[in-house]
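Participant: Here's my sequence, what's the structure:
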Amino acid sequence: MRFRWPTVVAASCLSLSAAPAGAQWAQCAADLEELRAVARAVHESADRVASIETAIRTGEEAYNRCMEDRQNFSADPATNPFPGSIRRSNCSQEAMSVRSAEQRYPVEMNRAREAFANLAFAVQTVEQSCQYPLAAMAPAPGGAARSPACDRFLRTRRGVPVESLRRLCVAEMSPEECRACLGEPPRE
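Facilitator: As a prediction, the model looks like this:
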């Protein structure tokens, strides 16, 4: 296979012409790097919340098993494989484990909310510096499909700066439809 440099150069020029004109590429690259770091922090926070939820669930299961064992072996001491141990256990270790995880949960949830707010801000920053509407190109929230008018609008305007999309959209759709199409929250 031979490379034809004039073809490669022409293709490169064509691909660059489709890029948003107002993008600040150095800032865009820096903001994308920041977005990557913030996304990593959100991922780690979500992992910590999931770990605490698992600890609560398994701790509750262990506590329930302990209480069942106490009840079963207290009712029939002859079946107790460890005489005296079940009677002395009040399942406090299991209960403490659950309480500890439950106390950590709201703290970690607050950290996760803060991390998601940072992520939303980082996405907006990238949209501005790269002049690309990330939120508008994301799937519709809740798994709902976007309207055909919105899909058509976005498909024909790839690479158009966010501010321009906002202005162009109202010529084709209502303001409410535009906000939904561009991934903006409804006005209250």
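
Participant: Counting by contacts, list what the helix or strand that residue 104 is a member of packs against.
Facilitator: Element membership for residue 104, per DSSP states H and E: helix 92-130. The helices and strands touching helix 92-130, judged by 3 or more C-beta pairs under 8 Å, 6 or more residues apart in numbering; DSSP states H and E, are helix 25-75, helix 134-137. C-beta: built from backbone N, CA, C; applies to glycine.

Participant: mean pLDDT lowest for which of the ones you listed?
Facilitator: Of all the helices and strands packed on helix 92-130, the minimum mean pLDDT falls on helix 134-137 (a mean of 68).

Participant: With just CA atoms, put the helix or strand following that one into PDB.
Facilitator: Sequence-wise, the next helix or strand downstream of helix 134-137 (DSSP H and E) is helix 148-155. Written as PDB, here are the backbone C-alpha positions of helix 148-155 (Å, rounded to 0.1, in the frame of the first residue of the first chain):
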ATOM      1  CA  PRO A 148     -37.400  13.600  15.300                       C
ATOM      2  CA  ALA A 149     -37.100  17.400  14.900                       C
ATOM      3  CA  CYS A 150     -34.300  17.500  17.500                       C
ATOM      4  CA  ASP A 151     -32.400  14.600  15.900                       C
ATOM      5  CA  ARG A 152     -32.700  16.200  12.500                       C
ATOM      6  CA  PHE A 153     -31.600  19.600  13.900                       C
ATOM      7  CA  LEU A 154     -28.500  18.200  15.700                       C
ATOM      8  CA  ARG A 155     -27.500  15.900  12.800                       C
END
